[in-house]
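Asks: what's the 3D shape of this:
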Amino acid sequence: MDTIEWTPDIHSVKPEGPEVGIVASTFLNWQSSQKGLQQLEALCCFAHSIRAQRYDNWRLLLVHDGPIDLDTDLQVIKDLVKSDSRMSFKHTPTRANQFGHNLRHKFACELDVPYLLMTNSDNYYVPTFLAWMVSGLVKYSADLVMCDMLHSHRSYKTIKTQPARGFVDIGNWIAASNLVKSTQWQDFSFAGDWSFFSSLYSKARKTVHIPTALFVHN
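Replies: Below you'll find the model as predicted:
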């Protein structure tokens with residue numbers, strides 16, 4: 001399998017292209033009001049980082065792990081979703097507490113889009129993330145594209161993404177929809193996202209690596 005190193009030219013990347021489906025898992029811990037408020041603020045920052053993308057063809061589904069009442073508890077999210085028709089919100093009837101892995105893959109597989117991004121609702125993206133990542137996929141007819149990242153577990157130092165545990169994270173790659181849907185998510189532990197990416201990487205015909213930090217893991 002080929003891995004292509006590609007540094008985009010910001011002036012050559014177009015804001016239009018194939019649709020990207022984004023599924024972000026979230027959980028708001030309102031048993032601790034301070035923690036819940038911090039999580040809600042992080043979610044809003046994440047959503048605004050998606051809205052600020054210089055790429056227009058995306059749809060975002062926020063999925064809450066467990067029941068939640070938007071009408072009484074979280075008017076902020078309700079208003080956020082209403083502000084952009086590309087955003088939607090769902091919740092599950094019970095909390096699974098599987099690090100969001102089960103939610104992301106299940107709901108991503110229900111989307112009819114060419115490309116899929118699975119992430120968490122406390123991550124941030126630079127404005128050119130989608131445009132550059134999709135351009136890499138299209139330019140090289142690739143199945144998988146990954147970028148470098150700033151990671152909270154490494155004191156926000158830059159990590160050069162590679163197919164190795166500790167060097168890739170959920171949210172810093174986009175894959176072809178058919179690749180994601182044909183790959184089972186088997187590990188629901190803390191590092192289950194690495195196991196899933198490893199399977200994707202081994203099956204992808206061609207992968208593009210963008211050696212620029214476009215993603216912030218929190």
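
Asks: where along the chain do the strands fall?
Replies: Using DSSP state E, the strands of the chain run over 2-5, 20-26, 58-64, 87-91, 115-120, 124-125, 144-151, 157-159, 173-176, 206-217.

Asks: possible to save those strands as TSV with mean neighbour count and mean pLDDT?
Replies: C-beta here means a position set from N, CA and C on the backbone, and glycine is covered the same way. Formatted as TSV, the strands of the chain follow (neighbours: other Cβ atoms under 10 Å; pLDDT from 0 to 100):
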stretch	mean neighbour count	mean pLDDT
strand 2-5	12	89
strand 20-26	25	95
strand 58-64	21	95
strand 87-91	16	90
strand 115-120	25	96
strand 124-125	20	96
strand 144-151	24	96
strand 157-159	15	93
strand 173-176	26	98
strand 206-217	20	96
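
Asks: Any chance of those in JSON lines with distance to residue 41 as columns?
Replies: Formatted as JSON lines, those follow (distance: least, Cβ to Cβ, whole Å):
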{"stretch": "strand 2-5", "distance to residue 41": "36"}
{"stretch": "strand 20-26", "distance to residue 41": "12"}
{"stretch": "strand 58-64", "distance to residue 41": "14"}
{"stretch": "strand 87-91", "distance to residue 41": "17"}
{"stretch": "strand 115-120", "distance to residue 41": "14"}
{"stretch": "strand 124-125", "distance to residue 41": "12"}
{"stretch": "strand 144-151", "distance to residue 41": "19"}
{"stretch": "strand 157-159", "distance to residue 41": "24"}
{"stretch": "strand 173-176", "distance to residue 41": "26"}
{"stretch": "strand 206-217", "distance to residue 41": "15"}
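
Asks: Relative to residue 34, which of these is closest?
Replies: Of all the strands of the chain, strand 20-26 sits nearest to residue 34, with 17.1 Å by Cβ to Cβ.
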